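Visitor: attaching a predicted model along with its sequence, questions to come.
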Amino acid sequence: MENALLIGLSRQMSLRRELEVVSNNIANLNTTGFKGDTAVFEEFLMPGASHNDFGRSSGKLSFVQDRSTWHDLSQGPLRQTGNALDVAIDGKAFLVVQTPRGERYTRNGSLQMNPAGELVTTEGYRVMGEAGPIQFQAEDKDITISRDGTVAVPDGVRGRLRLVTFENGQRLQKDGASTFNAPEGVQARPAEYPHVIQGAIEQSNVKAVVEMTRMIEVTRSYTQVASLLQQHGDMRRSAIERLADVPA
C-alpha cells in the first residue's frame, strides 16, 4: 500500500516544482528581456514493487522525476521607448554586461548612463563593448546606435556593443531576472549578423493567458492527487479497524 502513497507523493513534488516555475514566469510578466521557463519531467521506473506477489509485467512502479528546466529563448515583443540609449536585439544575440560575479549575458536593453559616463543596465552593470566598457564624455549628445551595435556621437565613435550567441542556449543558467551565466564548457561566440534597434526594448516573452491557464491546471491536478491520497489513507485506516474487530 505504501507504493501508491510514494507514487502520489512524487507527483505532488513535481507539481509543486512546476507551480514554482509558472509563478516565477507570471511574476516577471513586465520584466524587460525576461525569458520564460518550463519544467521538464520524465518517468522513472522502479525495478520492482515492495512486495513480490506481482506479475512480471506489473511489478515495476512508475514515478515522476524532476529532470530539468527548459528556457524559452524565443524573442519577446518589441516596444518603442524613444530613449536613445535603449536597444532591442532582433535575433538570438545577447548583450555582455560586467557584474560583481563576472561577465553575464542579457536581452534587457533598457540602458542608461551612470555618473562616470559609462553605459550601464538598470541594475548598474556596465555594458561591455568589443574594446571594453562603453564610455561617454561629458559633452556627448545626439547618441546614435547603429544596426551593428556601433555607438557614436557627432564627434566620433564611442565603441561597439559586444554581442554574442551560444551554440546551445539551453545550457545557460539564469543569474537574476534577465541575466544568464555561461557554465564551464559553454563558450560565447561573436554574433555574425547582429541587428540592434535603437530606442526600443524587448519585453518579456511570457504569455499571461497561457501561464494563468497552466497555473489553474497544476493547482487542480495537485488537489486531485491529494484527494486520491486521502481516500487511500481512509481505506487503509478502515482496513486496520476491521482487522482489529476480528474475534481472537
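Guide: Great, that's in hand. Residues are numbered from 1 along each chain as shown.

Visitor: hang on, residue 83 packs against residue 199?
Guide: Yes - contact status for residue 83 versus residue 199: in contact at 6.2 Å, counting by Cβ atoms under 8 Å. C-betas here are computed from N, CA, C, even on glycine.

Visitor: how's this structure carved up into domains?
Guide: Using automatic domain parsing, the domains assigned to the chain come out as 2-74+206-243, 78-202.

Visitor: do you know the pLDDT at residue 33?
Guide: Listed pLDDT for residue 33 reads 95.

Visitor: tell me the spacing between it and residue 106.
Guide: Using Cβ to Cβ, to the nearest Å, one gets 6 Å for the distance from residue 33 to residue 106.

Visitor: shared neighbours of these two, anything?
Guide: Here residue 33 and residue 106 share the contacting residues residue 178, scored by Cβ atoms under 8 Å, 6 or more residues apart in numbering.

Visitor: low-confidence stretches in this protein?
Guide: Filtered on pLDDT under 70, the chain yields the residue ranges 1-3, 42-63, 65-67, 241, 244-248.

Visitor: who's in contact with the residue most central in space within it?
Guide: Closest residue to the average C-alpha location of the chain: residue 37 at 3.9 Å, with Cα atoms, centre = their mean. By Cβ under 8 Å, 6+ apart, the contact list for residue 37 reads 21, 24, 25, 69, 70, 71, 72, 174.

Visitor: now residue 94
Guide: Contacts of residue 94 (Cβ under 8 Å, 6+ apart): 105, 106, 107, 163, 164, 165, 166, 180, 188.

Visitor: look at the closest residue to residue 76 other than its chain neighbours and tell me its secondary structure.
Guide: With Cβ to Cβ, 6 or more residues apart in numbering as the criterion, residue 76 has its nearest non-adjacent residue at 3.6 Å, and that residue is residue 205. Put simply, residue 205 is coil when judged by DSSP: H, G, I helix; E, B strand; the rest coil.

Visitor: residue contacts, residue 205?
Guide: 34, 35, 36, 72, 74, 75, 76, 77 are the contacts of residue 205 under Cβ under 8 Å, 6+ apart.

Visitor: save those residues as a markdown table, and put in distance to residue 194 and secondary structure too.
Guide: Listed next are these as a markdown table, based on distance: Cβ to Cβ, whole Å; DSSP: H, G, I helix; E, B strand; the rest coil:
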| residue | distance to residue 194 | secondary structure |
| --- | --- | --- |
| 34 | 21 | coil |
| 35 | 18 | coil |
| 36 | 23 | coil |
| 72 | 21 | coil |
| 74 | 18 | coil |
| 75 | 14 | coil |
| 76 | 17 | coil |
| 77 | 19 | coil |
